[in-house]
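K.L.:
After the sequence you'll find the predicted model.
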Amino acid sequence: MDIVNPLSEAAEAIIEAGGDALKSCYQCGLCTATCPWNLVRNFLIRKLIHESQIGLLELDSDDVWLCATCGMCVERCPRGVEIIDIFTAMRRIGTQWGVIPKALKGSIGSLRTLGNPWGEAKEKRADWAKDCGVKTFTPGTGLLYYPCCTPAYDRRARRIALATVSILQKAGVDFGILGPEENCCGESVRKVGEEDLFQSLAQANIQAFKRHDVKKVLVSSPHCYHTFKNEYPDLGGNFEVVHITQLLAKFIEQGRIKPTQSLKKRITYHDPCYLGRHNKIYEEPRRVLNSIPGLEFIELPDSREDSLCCGGGGGRIWMETKKEERFSDIRIQQALDVGAEVLAICCPYCMLNFDDSLLTMQKEGVLEIKDISEIVNEAIKVD
């Protein structure tokens with residue numbers, strides 16, 4: 001049953017912008033109760049939705065831009081309301097009216113002109129792979145490795161791509177990259193309301209993939225995985241998409257890679273929102289970690305479908321978050337509380353946020369942040 005109150009013109013505009021779910025909310029408030037923002041501050045999702053329904057929403061409010069699209073509210077909503085779609089629609093209208101936060105403008109400008117959010121030249125996109133012997137993908141190559149803008153350009157996250165390449169080479173995989181022909185997948189820019197820019201980036205990637213006859217794409221980022229797998233098909237981009245944890249689990253099961261080097265570490269694992277809640281991939285990362293000899297695996301509290309967001313989704317990775325409001329600080333403390341020596345991740349955004357938290361919490365040297373690809377690369381044996 002739809003809401004009783006008649007919809008305002010503003011509500012109709014939000015619905016037209018893609019927020020059709022606005023009609024289904026009956027104001028139970030469970031979204032507010034489950035949102036991780038309420039661990040660090042007040043964030044009344046129910047109030048925002050109600051204001052949208054009756055036409056009182058202020059699009060320049062900071063609250064419109066807080067949602068990290070973690071999906072917890074959708075997971076718990078008794079009616080399955082796609083609350084993320086409502087926020088995306090609010091932001092689309094906000095961008096049309098020019099009320100987008102200043103912190104986002106630089107990244108969006110860079111995406112428009114350079115195809116990445118980090119302000120780096122397209123010609124440098126493959127610089128991370130210069131000394132790795134990685135070839136350019138050509139028709140007939142078995143696998144396209146798409147590392148994500150973050151490992152391609154951010155020096156802290158580069159180690160994710162380097163470890164992945166090392167594993168693929170050890171496993172004898174025929175793969176390549178497209179380097180300067182790659183653009184950002186567009187997932188986060190779509191969530192901040194820049195739909196036209198998302199369409200442009202997506203079409204550029206789809207055409208590049210088709211031009212090179214790409215059939216199968218390997219990704220390191222759950223955000224790229226989600227977009228390539230679930231959103232590109234609607235735009236004509238139909239490719240087999242595999243996240244690195246899925247490939248590692250398969251290779252280990254087949255005996256194609258052998259994690260025989262003992263790693264005597266207490267390791268816990270953080271479920272990224274876009275791999276877990278959004279795409280229900282929970283088991284493969286755990287199977288990979290549990291296959292490594294010597295490793296003691298410990299579950300975090302708030303794991304699997306209850307995993308606590310790192311705070312990087314929905315474009316938040318490009319925005320400043322006050323130190324006292326960082327979910328990543330809470331997650332780091334949870335890892336320390338279970339006695340972990342290593343916090344395993346498989347998302348570049350999570351890596352950046354957790355690394356920042358280690359620095360500001362002065363916990364460097366107490367806990368390591370490692371991508372699963374790094375851990376596996378240390379442990380596998382080459383025949």
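P.N.:
The structure has been received and is ready for your questions.

K.L.:
Please count neighbours and contacts with C-alpha atoms only from this point.
P.N.:
Will do.

K.L.:
by contact count, what packs against the longest helix anywhere in the chain?
P.N.:
For the chain, the helix that runs over the most residues, judged by DSSP state H, is helix 195-211. Secondary-structure packing of helix 195-211 (3 or more CA pairs under 8 Å, 6 or more residues apart in numbering; DSSP states H and E): helix 187-191.

K.L.:
Which residues does the helix it packs on contact?
P.N.:
Contact with helix 187-191 is made by 69, 88, 91, 108, 195, 197-198, 223-224, 226-227, 313-315, as judged by CA atoms under 8 Å, 6 or more residues apart in numbering.

K.L.:
Quick one: distance of the longest helix of the chain to the chain centre.
P.N.:
On the basis of CA atoms, centre = their mean, to the nearest Å, helix 195-211 sits 19 Å off its chain's mean C-alpha point.

K.L.:
which residues of the stretch 101-250 of the chain fall in strands?
P.N.:
Assigned by DSSP state E, counting those that start in this stretch, the stretch 101-250 of the chain shows strands spanning 143-146, 175-176, 216-219, 240-243.

K.L.:
Can you say which of those is packed in most?
P.N.:
With neighbours taken as mean count of other CA atoms under 10 Å, the strands of the stretch 101-250 of the chain reach their highest mean count in strand 143-146, at a mean of 23.

K.L.:
Show the low-confidence segments of the stretch 101-250 of the chain, by residue range.
P.N.:
The model of the stretch 101-250 of the chain has no residue with pLDDT under 70.

K.L.:
hang on, the earlier thing: mind putting the strands of the stretch 101-250 of the chain into CSV with distance to I15?
P.N.:
Listed next are these as CSV, based on distance: least, CA to CA, whole Å:
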stretch, distance to I15
strand 143-146, 34
strand 175-176, 42
strand 216-219, 33
strand 240-243, 31
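
K.L.:
Any idea which of those strands gets closest to D356?
P.N.:
Among these, strand 216-219 comes nearest to D356, with 23.3 Å by CA to CA.

K.L.:
So in that sheet, which strands flank the closest one, and in what orientation?
P.N.:
According to DSSP bridges, strand 216-219 has the following sheet partners: strand 143-146 (parallel), strand 240-243 (parallel).

K.L.:
Switch these over to JSON lines; also include distance to L343.
P.N.:
Below are the strands paired with strand 216-219 laid out as JSON lines (distance: least, CA to CA, whole Å):
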{"stretch": "strand 143-146", "distance to L343": "24"}
{"stretch": "strand 240-243", "distance to L343": "19"}
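
K.L.:
right, and those strands - which one's nearest L178?
P.N.:
Among the strands paired with strand 216-219, strand 143-146 comes nearest to L178, with 7.7 Å by CA to CA.

K.L.:
Grab the CA positions of the closest one and hand them over as CSV.
P.N.:
C-alpha atoms of strand 143-146 as CSV (Å, rounded to 0.1, in the frame of the first residue of the first chain):
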residue,chain,number,x,y,z
LEU,A,143,41.1,-12.2,-19.2
LEU,A,144,41.0,-8.5,-18.8
TYR,A,145,42.3,-7.3,-15.5
TYR,A,146,40.6,-4.0,-14.5
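
K.L.:
can you list contacts of that strand?
P.N.:
Contacts of strand 143-146 (CA under 8 Å, 6+ apart): 137, 173-178, 182, 214-220.

K.L.:
ok, those vs Q362, which is closest?
P.N.:
Nearest to Q362 among the contacts of strand 143-146: S220, at 27.7 Å, using CA to CA.

K.L.:
How is this protein divided into domains?
P.N.:
Domain segmentation of the chain under automatic domain parsing yields 9-96, 112-247.

K.L.:
Quick check, central residue of the protein?
P.N.:
For the chain, H223 is the residue whose C-alpha lies nearest the centre (CA atoms, centre = their mean; 3.5 Å).

K.L.:
Hmm, C273 and that one touching each other?
P.N.:
No - under the criterion of CA atoms under 8 Å, H223 makes no contact with C273, lying 9.0 Å away.

K.L.:
secondary structure element for N279?
P.N.:
Following DSSP states H and E, there is no helix or strand that holds N279.

K.L.:
mind checking which of the strands paired with strand 216-219 is nearest E75?
P.N.:
The nearest among those, by CA to CA, is strand 240-243 at 21.9 Å.

K.L.:
nearest to C73, of the strands of the stretch 101-250 of the chain?
P.N.:
Closest among those, using CA to CA: strand 240-243, at 24.5 Å.

K.L.:
For burial, what's the neighbour tally of P301?
P.N.:
By the criterion of other CA atoms under 10 Å, P301 has 15 neighbours.

K.L.:
separation between it and L197?
P.N.:
Per CA to CA, to the nearest Å, P301 is found 38 Å from L197.

K.L.:
With N38 instead?
P.N.:
Distance, N38 to L197, using CA to CA: 31 Å.

K.L.:
Which residue of those two possesses the greater neighbour count?
P.N.:
Neighbours per residue (other CA under 10 Å) separate N38 from L197, with L197 holding more: 17 against 13.

K.L.:
ok now do the more buried one, which residues does it touch?
P.N.:
Contacts of L197 by CA under 8 Å, 6+ apart are R112, G186, V189, R190.
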